[in-house]
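**Q** Pasted the sequence and its predicted model underneath.
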Amino acid sequence: MNSIPSPTAIDADHLAGAPLVLARKVEKQFGTLKVLKGIDLAISTGEVLCIIGPSGSGKSTFLRCINQLERIDGGALFVSGERVGYHRVGNKLYELDDKAIARQRRSIGMVFQRFNLFPHLTALQNVIEGPVQVLKESKADARAHALSLLERVGLADKRDAYPSQLSGGQQQRVAIARSLAMRPELLLFDEPTSALDPELVAEVLRVMRGLAETGMTMVCVTHELGFARDVGHRVAFMDQGQIVEIGDPRSVLSDPKEVRTRAFISAVRH
Amino acid sequence: MNTEPEDIVIVPKRHYGRLIGAALVLVALGAIVQAFAVGQIEWPYVARFLTVPVILQALANTIIMAILAMILGLVLGVIFAVMRLSANPVLSSTALGYIWFFRAIPVLLQLLLWYNLALVFPTLGIPGLFAFKTVDVMTPFVAALLGLGIQQGAFTAEVVRAGLLSVDQGQYEAAQTLGMTRLQLLYRIIMPQAMRVIVPPVGNEFIGMVKLTSLASVVQFSELLYTAQSIYYANSRVIELLIVAAFWYLIVVTILSLIQGRIEAYYARGVAVSARR
């Protein structure tokens, strides 16, 4: 979909005309374990990319690298044309400070497997927390926006409920509203339905599908192959820290080229 | 055998053991009340000294000292708890050393050490800039505040650390993802949740602190016990004045227990909603 610039072209901290997310030979290791072994990927604005793969394949780690919950050890990662996590001078990469990292994260929303709603705040307070504290929006503006978002995820009547009073599916929908409140350019989903009871999966997928239709750029790590096929513009299959196969959902899911992809998909189906 | 329902009567079990136990307890309580009533206590003296100005002033000193020492303990506790969790080995081992040292030495001994600091350092200050004579600075008030507050910090640090560790890692990640800075995250997200774990033991420690202030009598700080003693040295009404002091400790601790319950309920919101039902 996008041509990936050659290594010589990414000396700078800013890339003009780059895709929304650009990964170039991204590496990550925990101790001696290499979790990401050179990920090359470009995601353009408005695209929905679904990442599938066995557990331990590095798909969640890659997602977490994009918003710096993990720091990359090699290669380069750009979001909105800006180098993530580092400032480059000559041949040296300087780690960014706390404030700069916080600023880079603002435009990236993330939805977690375990929702991670703030338990001491109501649904409405969860949604306005970021805009008021981080974007310094007025309480009234943030509240109006939050109410419209809760309406959009179908939870306007639950605005005063605490997370402990909500079902898993409702909590996840509040979590989606919370990340939308920051008006992100990019939304990351880390197995958003894996912790849900089967009957609650559909309500969350419905909200995600609605978001995709509005043109939100989304990267979804998921085990929902049906969702990947119907909503994804592209599907990437990851295994052992590498992208094994990427392309049109129908061809990757129905007619995979690689043996490992084929084995994974038939294992998940059965 | 007739099994018709209307003919069946349930006969409650008699708890003879409980009845006998209760009777014995009542007798014992009566004996205690009787003993105090006929004992050599001049109750009118107790009533008279309960509200004399020196005692009320001493009560105020006790409360003020407990509050200030607890504030010092909390501030130090938070600082050393955060240091203890730091990845920097100098910071974390310094915190560990502080906790080890001030938890190990008896409070009474610490108070005496602070009060007698002048024997080690006759003057305090920065050489060339300013200097004070230690005896002028280390008043009973200052010695008591430092002794009580610093040892409290060592205990509070462990409580705060437990509170911080009780908050799920996912909370840090969710707050970071919103673009919060380290301080915002601690203040807005982590501390309010840690407080649920921190408040009950800190409430207990505050109640303990009210009573610990009585140790400051050894450094001549005019708190309740010291003042009661000063009075009975003069008029020999030992028991009456000790009862006066005990009465006021009871009142203060009772009020604090009520306040503690309120604060716990506040920080339990959200998390305990389902548990409260």
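**A** Nice, thanks for sending it over. Numbers count the residues shown, from 1 in each chain, chains lettered A, B, ... in the order given.
**Q** Let me see the ranges of the strands in chain A.
**A** A:21-30, A:33-43, A:48-52, A:74-79, A:82-83, A:86-89, A:92-95, A:108-111, A:186-190, A:217-221, A:234-239, A:242-247 (DSSP state E).
**Q** average pLDDT across the host helix or strand of B:A265?
**A** Element membership for B:A265, per DSSP states H and E: helix B:238-267. Mean pLDDT, helix B:238-267: 91.
**Q** quick check, distance from it to the centre of its chain.
**A** Centre-to-centre, helix B:238-267 and its host chain are 11 Å apart (Cα atoms, centre = their mean, to the nearest Å).
**Q** List the buried residues of that helix.
**A** Going by neighbour count (16 or more other Cβ atoms under 10 Å in any protein chain shown), the buried part of helix B:238-267 is B:240-241, B:243-245, B:248-249, B:252, B:256, B:260, B:267. Every residue, glycine included, has its C-beta placed from N, CA and C.
**Q** which pair in those spans the largest distance?
**A** Across the buried residues of helix B:238-267, no pair lies farther apart than B:E240 and B:Y267, at 41.6 Å, counting by Cβ to Cβ.
**Q** Now name the helix or strand holding the most centrally placed residue in chain B.
**A** Relative to the mean C-alpha position of chain B, the nearest C-alpha, by Cα atoms, centre = their mean, is the one of B:F206, at 2.1 Å. Using DSSP H and E, B:F206 sits in helix B:191-212.
**Q** Go ahead and confirm B:L242 touches B:I231.
**A** No: here B:L242 lies out of contact with B:I231, judged by Cβ atoms under 8 Å, at a distance of 10.4 Å.
**Q** okay, now the closest residue to B:L178 other than its chain neighbours: neighbour count?
**A** Spatial nearest neighbour of B:L178, chain neighbours left out: A:G130 (3.7 Å); criterion: Cβ to Cβ, 6 or more residues apart in numbering or on different chains. As a burial measure, A:G130 scores 26 neighbours (other Cβ atoms under 10 Å in any protein chain shown).
**Q** list the contacts for A:G130?
**A** Listed by Cβ atoms under 8 Å, 6 or more residues apart in numbering or on different chains, the contact partners of A:G130 are A:178, A:181-182, B:178-180.
**Q** Ok, B:Y98 next?
**A** With contact set as Cβ under 8 Å, 6+ apart, B:Y98 has these partners: B:80, B:153-154, B:157.
**Q** switch the cut-off to 7 Å
**A** Counting by Cβ atoms under 7 Å, 6 or more residues apart in numbering or on different chains, B:Y98 makes contact with B:80, B:154.
**Q** per-residue pLDDT, it?
**A** 96.
**Q** any idea how far it is from A:L225?
**A** Per Cβ to Cβ, to the nearest Å, B:Y98 is found 55 Å from A:L225.
**Q** ok, now B:L24?
**A** Taken as Cβ to Cβ, the span from B:L24 to A:L225 is 74 Å.
**Q** Out of those two, name the residue with the larger neighbour count.
**A** For B:L24 and A:L225, the more surrounded residue by other Cβ under 10 Å is A:L225, and the numbers stand at 19 against 10.
**Q** so what's the closest residue to A:L196 other than its chain neighbours up against?
**A** Distance criterion Cβ to Cβ, 6+ apart; nearest residue to A:L196, sequence neighbours excluded, is A:G168 at 4.7 Å. Residues in contact with A:G168 (Cβ under 7 Å, 6+ apart) are A:195-197, A:200.
**Q** Now stretch B:97-113: buried residues?
**A** For stretch B:97-113, by 16+ other Cβ under 10 Å, it's B:98-99, B:102, B:107, B:110-111.
**Q** Which single one of these is nearest to chain A?
**A** Checking the buried residues of stretch B:97-113 against chain A with Cβ to the nearest Cβ, the nearest one is B:Y98 at 25.9 Å.
**Q** What helix or strand is the closest one located in?
**A** helix B:89-104.
**Q** Next secondary structure after that helix?
**A** helix B:107-115.
**Q** Tell me which residues are up against that next one.
**A** Residues contacting helix B:107-115 (Cβ under 7 Å, 6+ apart): B:138, B:143-144, B:146-147, B:151, B:212, B:215-216, B:218-219.
**Q** Now do the same for that helix: mean pLDDT, whole number.
**A** Mean predicted confidence for helix B:107-115 is 94.
**Q** Please apply the same query to stretch B:214-228.
**A** In this model, stretch B:214-228 has a mean pLDDT of 93.
**Q** Same check on stretch B:25-38?
**A** pLDDT averaged over stretch B:25-38 gives 92.
**Q** cool, and stretch A:100-119?
**A** 95.
**Q** That one near chain B at all?
**A** Yes: remark: stretch A:100-119 sits within contact range of chain B at A:102-103, A:105-106, A:110, A:112, A:114, A:116, A:118-119, by Cβ under 7 Å from any Cβ of the partner chain.
**Q** Which of the residues in that stretch are classified as buried?
**A** A:101-102, A:104-119.
**Q** for stretch A:119-138, same thing?
**A** For stretch A:119-138, a neighbour-count test (16+ other Cβ under 10 Å) marks A:119-134, A:137 as buried.
**Q** got it, and stretch A:174-185?
**A** For stretch A:174-185, using 16+ other Cβ under 10 Å, the buried residues are A:174-182, A:184-185.
**Q** ok, and which of those residues reach chain B?
**A** Counting by Cβ under 7 Å from any Cβ, the members of these near chain B are A:M182.
**Q** Closest one of the buried residues of stretch A:174-185 to chain B?
**A** Nearest to chain B among the buried residues of stretch A:174-185, with distances taken as Cβ to the nearest Cβ, is A:M182, at 6.3 Å.
**Q** Can you tell me the closest non-neighbouring residue to that closest one?
**A** Using Cβ to Cβ, 6+ apart, the closest residue to A:M182 is A:G130 (5.0 Å).
**Q** what pLDDT does the one you found get?
**A** As predicted, A:G130 sits at a pLDDT of 96.
**Q** Tell me the spacing between it and A:A263.
**A** Taking Cβ to Cβ as the measure, A:G130 falls 41 Å from A:A263.
**Q** List, one by one, the residues from the stretch 151-270 of chain A near chain B.
**A** A:162-165, A:182.
**Q** What subset of the residues you listed is buried?
**A** Judged by 16+ other Cβ under 10 Å, buried ones among those: A:162-163, A:182.
**Q** List the contacts of the closest residue to chain A within the stretch 1-150 of chain B.
**A** Of all residues in the stretch 1-150 of chain B, B:A87 sits closest to chain A, at 13.7 Å by Cβ to the nearest Cβ. For B:A87, no residue meets the contact criterion (Cβ under 7 Å, 6+ apart).
**Q** Sort out which residues of the helix of greatest length in chain A are buried, please.
**A** Scanning chain A for the longest helix, with DSSP state H as the assignment, gives helix A:198-213. Within helix A:198-213, the residues that count as buried by 16+ other Cβ under 10 Å are A:200-201, A:203-205, A:207-208, A:211-212.
**Q** My guess is A:I265 contacts A:S254. True?
**A** No: contact criterion Cβ atoms under 7 Å: A:I265 and A:S254 do not qualify, at 8.6 Å.
**Q** what's in contact with stretch A:185-201?
**A** A:20-21, A:60, A:63, A:66-67, A:79-80, A:107-114, A:167-169, A:172, A:179, A:204-205, A:208, A:211, A:216-224.
**Q** How much space separates the residue nearest to the residue nearest to the centre of chain B when sequence neighbours are not counted from B:L256?
**A** Spatial nearest neighbour of B:F206, excluding adjacent residues (Cβ to Cβ, 6+ apart): B:M70 at 5.2 Å. Between B:M70 and B:L256 the computed distance is 11 Å (Cβ to Cβ).
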